[in-house]
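Visitor: Sequence first, then the predicted structure, then my questions.
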2 protein chains.
Amino acid sequence: MASLGKCIQMMDEGIGRLGATLPGMPAEQARLSRLMLMTGGRLQEELELTLHPHKLNHSEFLTLMILYSRPDGRSTPGELCEYTSQGATNMTRIGNALVDRGLVVRAPCREDRRRVEVHITAAGRRFVQKMLPTLFPRVSAMFAGFSDHDRRHLDRLLRKLAKNLDHLHDPEAA
Amino acid sequence: MASLGKCIQMMDEGIGRLGATLPGMPAEQARLSRLMLMTGGRLQEELELTLHPHKLNHSEFLTLMILYSRPDGRSTPGELCEYTSQGATNMTRIGNALVDRGLVVRAPCREDRRRVEVHITAAGRRFVQKMLPTLFPRVSAMFAGFSDHDRRHLDRLLRKLAKNLDHLHDPEAA
DNA sequence: TCGTTTTATTTCATCAATGAAATATGAGCT
DNA sequence: AGCTCATATTTCATTGATGAAATAAAACGA
């Protein structure tokens, strides 16, 4: 696997030559897109690599973390679908996987019995408290050398990009 | 599919509560990781959506673009593997797909006949010249409202992040 | 009560991507 | 010539994810 640095260098040269021959090309924006795709992709690999020993995939991890970080530790499959960008079929599967491991339980919802409530269990909380800190050193290392200023800038720019991406599909939404 | 904005809001609340209960958590770095994962993922979906009508997947597109942007329009499977992060088996498949569509041709390499040279064809060039500009409006829209300053900042910060990610796996490499 | 809608699950079918190992060919060295 | 390494392809298998449609149960409205 080539280093990101190598790939980026390659990309820089390529876009340099491309911009010279294709009139009207937004070269700087294209470069930023590629940078986002490359670093984002590598970051995701990194996360999945770290999750693997804990037998979690990204969706399961995300689902569990949503539940853990909720004040009441619960949600419904429908809501979880929303925030994890998963289909309903998949969310049932994710729920099954987490239930099988005793990390969450399902319970019928009192107010609306069509719904199901997914609760994180005490074992689920313990699991998160053990596994999450193993991510901390890696996350810190990723942003080594970033000043407070850098972090605020990156935060701001990524949110701006996210907003533009939202507009791309639904120009009306906030 | 929930908007990125909604997901980010959710994430902010979650990390806020998490940071309060888990001592030693690098909350700001975690937030940036999530932002990178979310926006990077959405950006990738965006790209693949745009590529789909042209019957290209990401790897095929990348491979074709590398060839197109080379001064001599050629490379070898091995080198292409490097820069696309694909295995050799996959690169053979990608080559087959592009050859079948007449966008590239394979030729034996004169200096080292174990190698194969992959050349972009005239039809391949025409294809790129037609399809690539269809991406321009989207790419521009993604970075709408970004000043030159913003773009330079984002560029710099992403490269810094990329370098850190490289170090994470090979602390010796440049 | 009946019909419609919402919510979740189950069933079934893919589909896409990937990759390890065996194979074929040629380079390079002694 | 004979051995080892490098390069690409082929074969075979798997995994992993994903999702459409049918099903079940309950809310909601006329």
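Guide: Good, I have the coordinates.
Visitor: isn't there a strand covering residue A:105?
Guide: Yes: under DSSP: H, G, I helix; E, B strand; the rest coil, residue A:105 sits within a strand.
Visitor: burial count for it?
Guide: 16 (other CB atoms under 10 Å in any protein chain shown). (Glycine included, C-beta is placed from N, CA and C.)
Visitor: what helices or strands is the helix or strand encompassing residue A:91 leaning on?
Guide: Element membership of residue A:91, judged by DSSP states H and E, is helix A:88-100. Helices and strands touching helix A:88-100, by 3 or more CB pairs under 8 Å, 6 or more residues apart in numbering or on different chains; DSSP states H and E, are helix A:58-69, helix A:77-84, strand A:104-108.
Visitor: what does the average pLDDT come to for the first one?
Guide: The pLDDT scores in helix A:58-69 average 96.
Visitor: re the thing from before, deepest of the helices and strands packed on helix A:88-100, which one?
Guide: Ranked by mean neighbour count, the helices and strands packed on helix A:88-100 are led by helix A:58-69 with a mean of 21 (mean count of other CB atoms under 10 Å in any protein chain shown).
Visitor: And the pLDDT at the residue nearest to residue A:136 when sequence neighbours are not counted?
Guide: Excluding the flanking residues, the one nearest residue A:136 by CB to CB, 6 or more residues apart in numbering or on different chains is residue B:26, at 5.8 Å. Listed pLDDT for residue B:26 reads 97.
Visitor: hmm, who's touching stretch A:108-124?
Guide: For stretch A:108-124, contacts defined as CB atoms under 8 Å, 6 or more residues apart in numbering or on different chains pick out A:64, A:67-68, A:70, A:73-78, A:80, A:95, A:98, A:102-107, A:128.
Visitor: switch to 10 Å and redo it
Guide: With contacts defined as CB atoms under 10 Å, 6 or more residues apart in numbering or on different chains, stretch A:108-124 is touched by A:63-70, A:72-80, A:91-92, A:94-95, A:98-99, A:101-107, A:127-128.
Visitor: show me the contacts for residue A:76.
Guide: Residue A:76 touches A:82, A:91, A:106, A:109, A:112, A:114, A:115, A:116, A:117, A:118, counting by CB under 10 Å, 6+ apart.
Visitor: most neighbours, which of the residues you listed?
Guide: For these, the largest number of neighbours (other CB under 10 Å) sits with residue A:118, at 24 neighbours.
Visitor: Any part of stretch A:137-149 near chain B?
Guide: Yes: counting by CB under 10 Å from any CB of the partner chain, contacts between stretch A:137-149 and chain B involve A:137, A:138, A:139, A:140, A:141, A:142, A:143, A:144, A:145, A:146, A:148, A:149.
Visitor: For the residue located most distally from the centre of chain A, give its distance to residue A:171.
Guide: Here chain A reaches farthest from its C-alpha mean at residue A:21, the gap being 36.4 Å by CA atoms, centre = their mean. Residue A:21 sits 32 Å away from residue A:171, taking CB to CB, to the nearest Å as the criterion.
Visitor: could you redo the residues of stretch A:137-149 next to chain B as TSV and give each row secondary structure, pLDDT and distance to DNA strand D?
Guide: Shown next, in TSV, are the residues of stretch A:137-149 next to chain B (DSSP: H, G, I helix; E, B strand; the rest coil; pLDDT from 0 to 100; distance: CB to the nearest atom of the strand, whole Å):
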residue	secondary structure	pLDDT	distance to DNA strand D
A:137	helix	96	24
A:138	helix	95	20
A:139	helix	96	21
A:140	helix	97	26
A:141	helix	97	25
A:142	helix	97	22
A:143	coil	98	26
A:144	coil	97	29
A:145	coil	97	32
A:146	coil	98	30
A:148	helix	97	35
A:149	helix	97	36
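Visitor: Highest neighbour count among these?
Guide: Comparing the residues of stretch A:137-149 next to chain B by number of neighbours (other CB under 10 Å), residue A:142 comes first, having 25 neighbours.
Visitor: hmm, back to that, wait, isn't the residue farthest from the centre of chain A in contact with residue B:73?
Guide: No: in this structure residue A:21 lies outside contact range of residue B:73 using CB atoms under 10 Å: 12.0 Å.
Visitor: which non-adjacent residue is nearest residue A:104?
Guide: residue A:98 is the one closest to residue A:104 (CB to CB, 6+ apart), at 4.4 Å.
Visitor: Thank you, goodbye.
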